[in-house]
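In: After the sequence you'll find the predicted model.
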Amino acid sequence: MGDRNHEIQALLRELADLSILDDQSAQSFRARAYERALHAIDGIQDDLEGMSVATLQRIGGIGRSTAQKIREYFDTGAVAKLETLRQRFPPSVVAMSRIPGVGPKTLARLRSELGIEDVEALRDAITEGKLQSVSGMGAKTEARIASAIDRLGLKRDQRTPIDRAMRLAETLVNELLALPGVQAAVPCGSLRRQAETVGDLDVVVASTEPQPIMAWFAEHRFAEQVIARGDTKTTIITRQGLQIDLRVVAPAHLGAATLYFTGSKGHNIRLRQLAIQQGWSLNEYALSDATTGEVVAAGDEASIYRALGLEFVPPPMREDTGEIEAALAGTLPGVVSVEDLCGDLHIHTDRSGDARSSLAELVAEAVRRGYSYLAITDHAEDLPINGVSRGELERQAEEIGALQEANPGLQLLRGCELNIDPDGGLDYDPAFRSGLDWCIAAVHSHFDLSQAEQTRRLIAAISDPAVRVIGHLSGRIIGERPGIEIDLDAILDAMVETGVALEINSALPRLDAAAPVLRRAVDKGVVFVISTDSHHVRDMGRNAVFGARQAQRGWVPREQVANTWPRERFLGWLHTQRRPSGPSR
DNA sequence: GCCGTTTTCGGCCCGACTGTTTTCAGTCG
């Protein structure tokens, strides 16, 4: 997608936000129309800049008015409507609107009745007790806003990387499941959709006795502050500033509740619109008849999708990026589930300096999981501290041989994770690495080269005949390190040409390649592998789940994932992988 | 602002929690 399309999306985002303030309603239909248009552009590959008003209008969700604004922006560099809104809502006022508890109506009254135009003035007015003079605003409201302003100073609006949020959610869910009367506890929201970062945590609990659970949660050690405390819903904020919503529903409503709280918001709205077309209504309790109230479906998500005439949509795909249309048409890709995985192709033994489990433990876990193949891929020698020498790999080969004899049902592959140096060079020497069964090549250093240099470097690695797969393509660490800049199409084309696979790295700090990259790679016909990059035996099972979800998020068809193939097919592919077209040099 | 096997006008997803309100508006997700 052209960079200028992103400019239009930013412009529509601002139009939507300011329209909410202007219309004094979060339900502003104008704002929602801008948001829909913004979303529609996600699916557009071509540059909007070259499109006429008429062409733009053919995009669903973009009408005459928005089409003209887009054209106006490209032709004049500005949009008059937006400039007017910016005049009316200068940055200091927009900042005030971001205070939790200050909605569009409160904002308007603060301005019109007290003349407050920025956060500082609001703070002063609270100190002087002026807010209570506004009708409808009392002491509690004043205190709430004061507390919210204090929290703003702590940068509470930062999103939490999925790795940290998931650990927190797992802890909480385990504790909840141990409580009496809790029949299920499901982390929902963007965490369940496996977004890279989450704004807050939504946990749904099935129980007929909500009161003790609410009381337990409000007193939880994670609760730095209790924001809301109701009969079935309690909201806390942790010391790190993460908001957690806990919602208790009756077990019979669990499906509707998890569907509702998993979102995304856009996906839910589409589902409810489909429900209305049937004369039904969908809420967090049930899909039911709008007039009689008779329940159509409620207990599990699958039955609700079925009733609405849709294929089941896995949570990671629920982003309103075409999945509703595909599910209606029955053309969703047959995606991977964790049970489909027949092997793991990226694991580290304790020979790697940063890993902890022995080869024997990892092999035993692979057997326990029923895998048909397993690649042993320690770090190669050029990686400082963590890398493994040629001699160590040779000693490991003997151990692998012995374990192979003892476990004939599991095909062991001798491999390693090669480092791609800035010029595209790789560890060891060509003959040695070509003697291995399975070489991953991945970037572990020099993250700040230019796009051209990174692209050249990767394509050089892809062209090496020993390389079977590119590991964690971007090298990103979510929330810590951005990925490298690459010419994605050029790299994917090289992978298709050589038969080199693209790894879906399942470790939560990475989730690499990212979902949009995967969708692009699917279209190109790239072969994928889902790998756990385990550094401890317990990662093998845990990460595999995340890897399958990441593949779902990227709409990757099962058929295109090599490690869903049974042993004979996989090994056959391995033998011919680099032969049809061969390396390009 | 968008849209149309009911519609070119009149709709546009749904409910919990809070506070101040004596019956509901505002905010949030």
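Out: Perfect, I can see it now. Residues are numbered from 1 along each chain as shown, chains lettered A, B, ... in the order given.
In: And the contacts of the helix or strand of chain A with the lowest mean pLDDT?
Out: Least confident helix or strand, chain A: helix A:139-152 with a mean of 83, by mean pLDDT, DSSP states H and E. With contact meaning C-beta atoms under 8 Å, 6 or more residues apart in numbering, helix A:139-152 is reached by A:98-102, A:119, A:122-123, A:126, A:129, A:131-132, A:225, A:237, A:241. For every residue, glycine as well, the C-beta is placed using N, CA and C.
In: At the contact with DNA strand B, which residues of the stretch 201-350 of chain A appear?
Out: Applying C-beta under 7 Å from any atom of the strand, we find that the stretch 201-350 of chain A lies next to DNA strand B at A:202, A:228-234, A:243, A:245, A:265, A:268-269, A:272-273, A:275-276, A:281-285.
In: and those residues, which are buried?
Out: Buried members of those, scored by 16 or more other C-beta atoms under 10 Å, are A:Asp202, A:Thr234, A:Gln243, A:Asp245, A:Asn268, A:Arg272, A:Ala275, A:Ser281, A:Leu282, A:Glu284, A:Tyr285.
In: check which helix or strand covers the second one.
Out: Counting by DSSP states H and E, the secondary-structure element that holds A:Thr234 is strand A:233-237.
In: quick one: that strand to helix A:139-152, angle?
Out: Between strand A:233-237 and helix A:139-152, the angle comes out at 40 degrees (axes from the mean of the first three to the mean of the last three C-alpha atoms, to 10 degrees).
In: Give the pairing partners of strand A:233-237; include direction for each.
Out: Within its sheet, and counting by DSSP bridges, strand A:233-237 is paired with strand A:225-229 (antiparallel), strand A:243-249 (antiparallel).
In: Sitting in helices, which of the contacts of helix A:139-152 do you find?
Out: Counted as lying in helices by DSSP state H, out of the contacts of helix A:139-152, are A:Val119, A:Leu122, A:Arg123, A:Ile126.
In: Now the last one: closest residue in space, sequence neighbours ignored.
Out: Counting by C-beta to C-beta, 6 or more residues apart in numbering, A:Ile126 lies nearest to A:Ala146, which is 4.9 Å off, once chain neighbours are set aside.
In: burial measure for that neighbour, as a count.
Out: By the criterion of other C-beta atoms under 10 Å, A:Ala146 has 16 neighbours.
In: coming back round to it: which ones among the buried ones among the residues of the stretch 201-350 of chain A next to DNA strand B map onto helices?
Out: A:Asn268, A:Arg272, A:Ala275.
In: List just the nearest of those residues to DNA strand B.
Out: Taking C-beta to the nearest atom of the strand as the measure, DNA strand B lies nearest A:Arg272 of those, at 3.8 Å.
In: Hmm, that closest one is touching A:Gln278, no?
Out: No: contact criterion C-beta atoms under 8 Å: A:Arg272 and A:Gln278 do not qualify, at 10.8 Å.
In: circling back to that earlier point, output the ones in helices among the buried ones among the residues of the stretch 201-350 of chain A next to DNA strand B as TSV; include the columns pLDDT and distance to A:Arg111.
Out: What follows is those, written out as TSV (pLDDT from 0 to 100; distance: C-beta to C-beta, whole Å):
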residue	pLDDT	distance to A:Arg111
A:Asn268	92	33
A:Arg272	91	34
A:Ala275	91	39
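In: May I see the residues you listed organised as a markdown table, with distance to A:Ala515 added?
Out: Below are these laid out as a markdown table (distance: C-beta to C-beta, whole Å):
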| residue | distance to A:Ala515 |
| --- | --- |
| A:Asn268 | 19 |
| A:Arg272 | 25 |
| A:Ala275 | 27 |
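In: and of these, the nearest to A:Gly115?
Out: A:Asn268 (39.2 Å; C-beta to C-beta).
In: Excluding chain neighbours, what is closest to that closest one?
Out: Closest residue to A:Asn268 apart from its sequence neighbours, by C-beta to C-beta, 6+ apart: A:Tyr260 at 6.4 Å.
In: what is the rounded mean pLDDT of stretch A:105-122?
Out: Averaged over stretch A:105-122, pLDDT sits at 90.
In: First-to-last residue distance for that stretch?
Out: By C-alpha to C-alpha, to the nearest Å, the extent of stretch A:105-122 from end to end equals 15 Å.
In: same thing with stretch A:385-392?
Out: Start to finish, the residues bounding stretch A:385-392 are 14 Å apart (C-alpha to C-alpha).
In: avg pLDDT for it?
Out: Here the average pLDDT along stretch A:385-392 is 89.
In: which among the ones in helices among the contacts of helix A:139-152 are in contact with DNA strand B?
Out: Near DNA strand B, taking C-beta under 7 Å from any atom of the strand as the test, no member of the ones in helices among the contacts of helix A:139-152 is found.
In: Wait, A:Leu412 touches A:Val367, no?
Out: No: using C-beta under 8 Å, A:Leu412 is not in contact with A:Val367, being 10.6 Å away.
In: what about these two, which has more around it?
Out: Ranked by neighbour count (other C-beta under 10 Å), A:Leu412 and A:Val367 place A:Leu412 first, with 20 against 15.
In: Distance-wise, check the residue nearest to A:Arg109 when sequence neighbours are not counted relative to DNA strand B.
Out: The shortest distance from A:Arg109 to any non-neighbouring residue, by C-beta to C-beta, 6+ apart, is to A:Val134 (5.8 Å). As judged by C-beta to the nearest atom of the strand, to the nearest Å, A:Val134 and DNA strand B stand 9 Å apart.
In: from memory A:Val134 sits against A:Arg111, does it?
Out: No: in this structure A:Val134 lies outside contact range of A:Arg111 using C-beta under 8 Å: 11.1 Å.
In: okay, now the domains of chain A?
Out: Listed by automatic domain parsing, the domain ranges of chain A are A:3-88, A:91-152, A:160-249, A:261-329, A:338-576.
In: So for A:Gly255, which of the ones you listed sits nearest?
Out: domain A:261-329 (3.9 Å).
In: Please state the offset of the closest one from the chain centre?
Out: Put simply, domain A:261-329 sits 21 Å off its chain's centre (C-alpha atoms, centre = their mean, to the nearest Å).
In: For A:Gly479, grab the count of nearby residues.
Out: 15.
In: can you give me the strands for the stretch 251-400 of chain A?
Out: Using DSSP state E, counting those that start in this stretch, the strands of the stretch 251-400 of chain A run over residues A:280-282, A:287-289, A:295-297, A:343-347, A:373-379.
In: Actually, the stretch 101-250 of chain A.
Out: In the stretch 101-250 of chain A, the strands defined using DSSP E, counting those that start in this stretch lie at A:160-161, A:184-187, A:197-198, A:200-206, A:225-229, A:233-237, A:243-249.
In: Now tabulate the ones you listed in TSV and tack on mean pLDDT.
Out: As requested, the strands of the stretch 101-250 of chain A are exported to TSV (pLDDT from 0 to 100):
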stretch	mean pLDDT
strand A:160-161	90
strand A:184-187	96
strand A:197-198	92
strand A:200-206	95
strand A:225-229	89
strand A:233-237	92
strand A:243-249	94
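In: coming back round to it: pretty sure the residue nearest to A:Asn268 sits against A:Asn283.
Out: Yes: counting by C-beta under 8 Å, A:Tyr260 does reach A:Asn283; the two are 7.0 Å apart.
In: re earlier: please identify the most buried of the strands of the stretch 251-400 of chain A.
Out: Comparing those by mean neighbour count (mean count of other C-beta atoms under 10 Å), strand A:343-347 ranks first with a mean of 28.
In: Using PDB, write out every CA atom in that one.
Out: Extracted in PDB, the C-alpha atoms of strand A:343-347 (Å, rounded to 0.1, in the frame of the first residue of the first chain):
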ATOM      1  CA  GLY A 343       6.800 -31.300  14.000                       C
ATOM      2  CA  ASP A 344       8.800 -28.400  15.300                       C
ATOM      3  CA  LEU A 345      11.600 -26.900  13.200                       C
ATOM      4  CA  HIS A 346      13.200 -24.300  15.400                       C
ATOM      5  CA  ILE A 347      14.300 -25.300  18.900                       C
END
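In: With that, I have no additional questions.
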